[in-house]
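Enquirer: Compute the structure for the input listed below.
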Amino acid sequence: AAAALAQLPPGLYNRVSFQSGGMKQAYAEEECLVLWEALKACYPTEADALAAVDKNSMTVNPSMNSPSKITETHALLVERFGAGKASEIIMQNPGILTC
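Expert: Here you go, the predicted structure:
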């Protein structure tokens, strides 16, 4: 758990933990890290991914999302709208990556 927390941006896991009422869930830090890595891969920069989490932290909440939702939804957006428009969509509404 400590190793996973060390790889997450400062404060990111605290936001996810707060959303679950602060209740400790097994492997939550590791699952959050997996979601963070999947989310980062969808954005041009880590700063853009952090901005997305600031808009909607449910994207990295293991209770609400999965890596496959993130990657598959992103792939569908790119296929349908092209990379540029898909990037614009997820920047405006990161929550779409929880669908």
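Enquirer: Helix or strand with the lowest mean pLDDT in this structure?
Expert: Using mean pLDDT, DSSP states H and E, helix 12-19 stands out as the lowest-scoring helix or strand of the chain, at a mean of 62.
Enquirer: Can you name the next helix or strand after that helix?
Expert: helix 28-42 (DSSP states H and E).
Enquirer: other SSEs contacting that following helix?
Expert: helix 2-7, helix 12-19, helix 46-55, helix 67-81 (3 or more CB pairs under 8 Å, 6 or more residues apart in numbering; DSSP states H and E). Using the backbone N, CA and C atoms, a C-beta is placed for each residue, glycine as well.
Enquirer: just the CA coordinates of it, formatted as CSV?
Expert: Provided in CSV are the C-alpha atoms of helix 28-42 (Å, rounded to 0.1, in the frame of the first residue of the first chain):
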residue,chain,number,x,y,z
ALA,A,28,-7.7,0.6,-2.5
GLU,A,29,-4.4,2.3,-2.9
GLU,A,30,-3.2,-0.2,-5.5
GLU,A,31,-6.5,0.0,-7.4
CYS,A,32,-6.3,3.8,-7.3
LEU,A,33,-2.8,3.6,-8.8
VAL,A,34,-4.0,1.3,-11.6
LEU,A,35,-6.8,3.7,-12.4
TRP,A,36,-4.5,6.7,-12.3
GLU,A,37,-2.1,5.0,-14.7
ALA,A,38,-4.9,4.2,-17.1
LEU,A,39,-6.3,7.7,-16.9
LYS,A,40,-2.8,9.3,-17.5
ALA,A,41,-2.5,7.3,-20.7
CYS,A,42,-5.6,9.1,-22.1
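Enquirer: Report the buried residues of it.
Expert: Neighbour counts over helix 28-42 (16 or more other CB atoms under 10 Å) mark 28-29, 31-36, 38-40, 42 as buried.
Enquirer: How about stretch 62-71?
Expert: 62, 64-65, 67, 69-70.
Enquirer: any low-confidence regions in this protein?
Expert: 1-6, 13-27 (pLDDT under 70).
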